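K.L.:
I need the structure of the sequence given here:
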Amino acid sequence: ELVLVTGPSGSGKTTLLEVLSGLARPTRGRVLWQEKPLLAERLRDHVGLVFQFPDRYFCGRTVREEVLFGRGSKHALQVSEVLDLVGLGGIDRQSPPSALSGGQQRRLALAVQLLRRPEILLLDEPTAGLDWSAVRQVYQLLSQFKKQWGLLVVTHDPHELSGLADRVYRLEAGRLLAAQPDLVL
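P.N.:
Predicted coordinates:
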């Protein structure tokens, strides 16, 4: 399913993703996985996080290196598989990630996470700054992916993705409140 978390800029949406991915520790409360407390180190085994501006985090000199970064050559055969999954099967794997469009860079960051085989994908503002064509491509990808993975998407502008959401929450003053999909528009 796809869970959408909305809220204004600065409401803590990115921080929520960082806690849920194990990159930050909660200052209060706890994170449960299948009703059991889960340490931050274990969260990283279950989730894949795609940042709002993934190009800031690319480390590979080429698309292929980026997908394989930190994974070793044993995953080399899966590069084509994950690039195909995100609609980048036809790109030159030797081109630098910086040569890709913004939408392609987001899909590359998604491919990097898919190679890890997470159970849940966390996406921070996946449509921010993209033109209508790239937004449509992201929508189509998420529509397909919610059949295979749990998706948690945070955005301050839910208009493009509310039609995909199975559940919607609004983050207000540090509290996650249930909302109806038609009420966030």
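K.L.:
Correct me if wrong: residue 49 contacts residue 19.
P.N.:
No. With contact defined as Cβ atoms under 8 Å, residue 49 does not count as touching residue 19 (10.8 Å). All C-beta spots, glycine's among them, are computed from the backbone N, C-alpha and C.
K.L.:
Who has more neighbours out of those two?
P.N.:
A count of neighbours by other Cβ atoms under 10 Å puts residue 49 above the other of residue 49 and residue 19, at 24 against 18.
K.L.:
Unless I misread the structure, the more buried one falls within a helix.
P.N.:
No. Read with DSSP: H, G, I helix; E, B strand; the rest coil, residue 49 is strand and lies in no helix.
K.L.:
can you tell me how far it sits from residue 179?
P.N.:
23 Å (Cβ to Cβ, to the nearest Å).
K.L.:
Ok, residue 27 next?
P.N.:
Applying Cβ to Cβ to residue 27 and residue 179 gives a distance of 24 Å.
K.L.:
Of those two, which one has the most company?
P.N.:
For residue 27 versus residue 179, the count of surrounding residues by other Cβ under 10 Å is larger for residue 179: 19 against 8.
K.L.:
Could you pull out the strands in this structure for me?
P.N.:
2-6, 32-33, 36-37, 47-50, 120-124, 150-155, 167-172, 175-179 (DSSP state E).
K.L.:
Present those as JSON lines; the columns should include mean pLDDT and distance to residue 108.
P.N.:
Formatted as JSON lines, the strands of the chain follow (pLDDT from 0 to 100; distance: least, Cβ to Cβ, whole Å):
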{"stretch": "strand 2-6", "mean pLDDT": "93", "distance to residue 108": "21"}
{"stretch": "strand 32-33", "mean pLDDT": "74", "distance to residue 108": "28"}
{"stretch": "strand 36-37", "mean pLDDT": "82", "distance to residue 108": "34"}
{"stretch": "strand 47-50", "mean pLDDT": "90", "distance to residue 108": "10"}
{"stretch": "strand 120-124", "mean pLDDT": "92", "distance to residue 108": "14"}
{"stretch": "strand 150-155", "mean pLDDT": "93", "distance to residue 108": "18"}
{"stretch": "strand 167-172", "mean pLDDT": "90", "distance to residue 108": "28"}
{"stretch": "strand 175-179", "mean pLDDT": "85", "distance to residue 108": "30"}
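K.L.:
Need the ones you listed in a markdown table (columns: distance to residue 140).
P.N.:
Below are the strands of the chain laid out as a markdown table (distance: least, Cβ to Cβ, whole Å):
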| stretch | distance to residue 140 |
| --- | --- |
| strand 2-6 | 13 |
| strand 32-33 | 29 |
| strand 36-37 | 35 |
| strand 47-50 | 16 |
| strand 120-124 | 14 |
| strand 150-155 | 13 |
| strand 167-172 | 20 |
| strand 175-179 | 24 |
